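**Student:** Next one to model:
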Amino acid sequence: MSQSLSKLFIHIVFHIKYDSPIILSENKKELFAYIGSIIKDNDSFPIIINGMEDHLHILCIMSKNIALAKLLEEIKRHSSRHVKTFGLHYRNFAWQGGYGAFSVSPSLLDKTKNYIQKQEEHHKKYSFKDEYLLFLNEYGIVYDDRYLWTD
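**Tutor:** All right, here's what the predicted structure looks like:
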């Protein structure tokens, strides 16, 4: 083949460090827009970004020209610097080192977008830990409990 072609839909989840200040609701819209610009700067396409005060969900189309780990490194590095410009509340803000990333079938895009859009409603019933374990188990991902909830 003379061309490299791909369309990879990825659902990304990551959490703030446990001693980090939470993300205030008045800063979410700007943070999500900024993360969208980081994704675009890395030749990828953001579909939806939403989250709670302690974690984020991103659904995007990943570029064929960047590794997942590099994309997450760029998102976290630049967005944590940007969050600190929101004020003193965020002076010790940081994301955890890890993340979850899950492939999404085109047939499940609408369901995934709806799920991410309705985070506030979803988390009235389920904690982040319950949600994350559900993803790991649904995708058959093997993990070590000793390291799952550490920074």
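
**Student:** Could you use CA atoms for every contact and neighbour count after this?
**Tutor:** OK.

**Student:** Enumerate the positions of stretch 39-50 that are buried.
**Tutor:** If you call a residue buried by 16 or more other CA atoms under 10 Å, then stretch 39-50 has these buried ones: 39-40, 42-46, 48-50.

**Student:** which residues of the protein score low on pLDDT?
**Tutor:** Per-residue confidence of the chain (counting by pLDDT under 70) places the weak regions at 1.

**Student:** give me that answer again for 90
**Tutor:** Across the chain, the ranges flagged by pLDDT under 90 are 1-3, 18-19, 122, 145-151.

**Student:** ok, which stretches of it are strands?
**Tutor:** Assigned by DSSP state E, the chain shows strands spanning 8-15, 45-51, 55-62, 100-103.

**Student:** strands paired with the shortest one, and their directions?
**Tutor:** Strand 100-103 has the following sheet partners, assigned by DSSP bridges: strand 8-15 (antiparallel).

**Student:** And the contacts of the partner strand?
**Tutor:** The contact list for strand 8-15, computed with CA atoms under 8 Å, 6 or more residues apart in numbering, reads 54-63, 95-96, 98-106.

**Student:** same deal with stretch 102-117?
**Tutor:** Counting by CA under 8 Å, 6+ apart, 8-12, 47-51, 57-59, 122, 139 sit against stretch 102-117.

**Student:** Apply 10 Å and report the result again.
**Tutor:** The contact list for stretch 102-117, computed with CA atoms under 10 Å, 6 or more residues apart in numbering, reads 7-13, 47-51, 56-61, 118, 121-122, 135-136, 139, 141.

**Student:** Give me the buried subset of these.
**Tutor:** Buried subset of the contacts of stretch 102-117 (neighbour count, 16+ other CA under 10 Å): 8-13, 48-51, 56-61, 135.

**Student:** thinking again about what came up before, output the strands of the chain as CSV; include the columns distance to residue 69.
**Tutor:** Below are these laid out as CSV (distance: least, CA to CA, whole Å):
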stretch, distance to residue 69
strand 8-15, 11
strand 45-51, 16
strand 55-62, 11
strand 100-103, 10
